[in-house]
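Novice: Quick one, fold the following:
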Amino acid sequence: MKKITCFHGHIIKKGLVSQTKLLVMLLFISSLSFAQVPADAVAKYTFNGGSLINVADPGNGDLSGAAPTLRPDRFGGTDNAIRANAVTRNGYTFTGYNDEISISFWIAGSAPTGTAQEIFDIRESNGSGDGISMTTTTSNTLVANFINGNTSHQSSQSNFLSVFDGGWHHIVFTTKRDATGIAFDNSIYIDGTLHTTLSTGIDSNINQPFLNNNATFRVSPNDYYGNIDDIEIFNRTLTATEVQDIYAHIPVADIFYVDASATGNNDGTSWADAFTDLHSALAISDLSDQVWIAKGTYKPHASDRNESFVVNTNLYGGFAGTEVTLSERDMSLIHTTNETILSGDLLGDDSAAVDFNDPSRDDNSTHVVEITTNNLTVDGVTIRDGNADATTGDDRFGGGLFKAVAIANFTIKNSVIKNNVAFTGAGLNLTTTASESNMIVDACIIENNLANAAAGIDYHRSGSVATMNITVTNTLFKSNITDNDAVKNRNGVGAAALRLRAYFTSVTLNADVVNNTFVNNISAGSGGGDYPVVDISRNNGEWGTITVANNIFWANTDNLATLAKAIGRTATNSTRFGNTSASRIVKNNTDEDGLSLITGTTATDTTDPNLDVDFKLTAGSTSIDTGDNGLIPAGITTDLLFNPRIFNTTVDRGAYEYDPALGVNDLIISENGIKLYPNPTSSILNIEMTQNLKHVSIYSILGAEVLSTQDKTIDVSGLSNGVFLIKIEDENGNVSTKRFVKK
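Specialist: Numbers count the residues shown, from 1 in each chain. Coordinates of the predicted model:
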């Protein structure tokens, strides 16, 4: 429930009202604060950021049509209302008989000087048969129409200057049977008040069922050009009190708390009384709010894999459950002790390996998270175990996070996206139909996602004539895989980590891919192309401003299990991002293959960056202090661990800035003369060191621990052939990480 704050102390001090008037004012505000705004709309269109999604039931009754022209809403919120511009948009469809309906909406503008403009209608058979509508005509006239039994019941109010004054005004149209159960007693409310003239003329004495043939709601069915916002449709009659509540409702930012272990009132007002179910918080929040989620695991449903966490507000995780401000969140613990997990593994039975058509994932959510509102931020959560396994439609995309295509602007930060499966965009599907879109991915870990293409992130414009903008920074892409799906007859094409495509005509791609680490990704399959780690390509689109800088590409493989191209194309009929220019910068990157498919790169290093088992830099790495500060996008001040992005004057390469404390330990053990031999080895690996050994762990190139010992002579004959990492700790706690080859 929203709250309204009134600074009555200030009013008293300034002497603006008498104490009696103040008491009346406070009583009125109190009544607004506790008003129960109806929450059972079958369709709701907020238009925040231009979204056409039915936020009451996303995917059912979303408005049709291209991205709209945006306008400020009545509260001054930028781009949170739309101009209708005579574009007809079909939305929610009623089924069966519907004697009672209500539609609430806000309009702003002037009346037409020529042809009548129909604001909305709900009509059977797309404009014929029973229904209701509202139209504006000349002489500042508003016309309401109720049609039943093919008979029109119409009323109008001319010279309605109080509505057509350019400001925002609230209109509600309700229908219902009267007390006899035969006639209809319908109502029109303007700005919270019943309008007698408009209401009287639309009553009907015809005793016939109403709306019994799939009536569809339409915005601007006939050339309405004005502004419109906050449409709500109900399959019942709103009361006069409810209409007043909607009209008087003023959204004020709230924080709603979610904690699976809370034992209080379960109303989301505090950590003690937090909601235990994330859905409860999402149901009553909107773009102006925040939802804070404490550590724990949250699943969209117990058994229905078609249920998702439908997010229409700013979402923050990683809380211990005691914080008062967002800044109190301990960023060092958000992925460990205080991890907030949004999991699609409904039965908790997933096998360890992520695979297509795995029976243990048949129960998994198709999309764990769905984004249905523009300009949202998701921060500090782990999104995992989604399985978008459909063969057609949107349920092929975004097993972890699926962004509705109409959404133009989205940010995700400080989050882990892992173990998701899809056709494309298994981790994050950011495809859009917006004419201009802006995506930000910062300080995330994208790991172990599986798809036929673009397992980690997929971003392209589905349609022509658009501008795409994306920034990917401080992010670790590890162990993502593309491959063939034999059961669905779909071939893998690569871009295991990231795909950015300007595919259609007149689509311009602008991208910053800066300070990321791409390691152990596998771009397998047999679908053609370069099988790259990252696809930056175009077909009929165009390059805009593209910067690829300060990144590390290491130990990534292609469809032949050989070294993968860092950047290429996934389809042979696409044009690679193959050369640099003043607006296309590829600078200060580390890649084993030297970014061989791109000409004109600057300061590309092929030297081993000496990463530890967590893919952080170690002492002596050539990636330390060799980035380019000038290419860091504006606003980026910290790295993946929330440490300062620049240490020792010059930024490092990769997602992590070098930790000098760790560097000291590495240096000490190196000075003590650590040596591995023979390397490569087929059976025995020996450690030679001057300090006493405390512990040894051996990891696969995918990061899984495969052997642990306290001996300096290690039998590795049981390991498969390949490259392994060995982490050596001495008696003083100094740690060194090295590689060896088992042959």
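Novice: Every contact and neighbour count from this point should use C-alpha atoms.
Specialist: Noted.
Novice: Not counting stretch 55-64 itself, show me its contacts.
Specialist: With C-alpha atoms under 8 Å, 6 or more residues apart in numbering as the test, stretch 55-64 has contacts from 41-46, 52-54, 89-93, 310, 312, 372-373.
Novice: For that stretch, measure first residue to last.
Specialist: With C-alpha to C-alpha, to the nearest Å as the measure, stretch 55-64 spans 14 Å from end to end.
Novice: How about stretch 317-324?
Specialist: End-to-end distance of stretch 317-324: 14 Å, with C-alpha to C-alpha as the criterion.
Novice: same check, this time on stretch 512-532
Specialist: Terminal residues of stretch 512-532 lie 18 Å apart, using C-alpha to C-alpha.
Novice: how distant is it from the center of its chain?
Specialist: Remark: stretch 512-532 is offset 22 Å from the chain centroid, using C-alpha atoms, centre = their mean, to the nearest Å.
Novice: Renumber starting at 655 from here on
Specialist: Taking 655 as the first residue, the last one we looked at is stretch 1166-1186.
Novice: Residue 1089 is in contact with residue 1121, isn't it?
Specialist: Yes: assessed by C-alpha atoms under 8 Å, residue 1089 is found in contact with residue 1121 at 6.2 Å.
Novice: okay, and the helix or strand of this protein with the least pLDDT?
Specialist: Of all helical and strand segments in the chain, the minimum by mean pLDDT, DSSP states H and E falls on helix 662-668, at a mean of 27.
Novice: Just the helices from the stretch 805-954 of the chain, written as ranges.
Specialist: According to DSSP state H, counting those that start in this stretch, the stretch 805-954 of the chain carries its helices in the segments 850-854, 894-902, 932-938.
Novice: Return the distance of the last one from the chain's centre.
Specialist: Distance of helix 932-938 from its chain centroid, counting by C-alpha atoms, centre = their mean, is 16 Å.
Novice: Of the contacts of stretch 709-718, which belong to strands?
Specialist: Those of the contacts of stretch 709-718 mapping onto strands are 697, 698, 699, 743, 744, 745, 746, 747, 964, per DSSP state E.
Novice: now those residues: which count as buried?
Specialist: 697, 698, 699, 743, 744, 745, 746, 747, 964 (16 or more other C-alpha atoms under 10 Å).
Novice: Does residue 1339 fall in a helix, a strand, or a coil region?
Specialist: Using DSSP: H, G, I helix; E, B strand; the rest coil, the structure places residue 1339 in strand.
Novice: cool, residue 793 as well?
Specialist: Assigned state for residue 793: coil (three-state reduction, three-state DSSP).
Novice: Give me the neighbour count for it.
Specialist: Counted with other C-alpha atoms under 10 Å, residues neighbouring residue 793 total 16.
Novice: per-residue confidence at it?
Specialist: The model reports residue 793 with a pLDDT of 92.
Novice: Likewise for residue 1063?
Specialist: Looking at residue 1063, its pLDDT is 92.
Novice: Name all residues that make contact with the nearest residue to residue 786 once chain neighbours are set aside.
Specialist: With C-alpha to C-alpha, 6 or more residues apart in numbering as the criterion, residue 786 has its nearest non-adjacent residue at 4.6 Å, and that residue is residue 800. Contact partners of residue 800, counting by C-alpha under 8 Å, 6+ apart, are 784, 785, 786, 787, 806, 807, 808, 856, 857.
Novice: and what of residue 1247?
Specialist: 1217, 1218, 1219, 1220, 1260.
Novice: Poorly predicted segments of the protein, please.
Specialist: Scanning the chain for pLDDT under 70 picks out 655-690, 780-781, 906-907, 1313-1327, 1355-1357.
Novice: quick one: residue 704 and residue 724 touch, right?
Specialist: Yes: with contact defined as C-alpha under 8 Å, residue 704 reaches residue 724; the gap is 6.0 Å.
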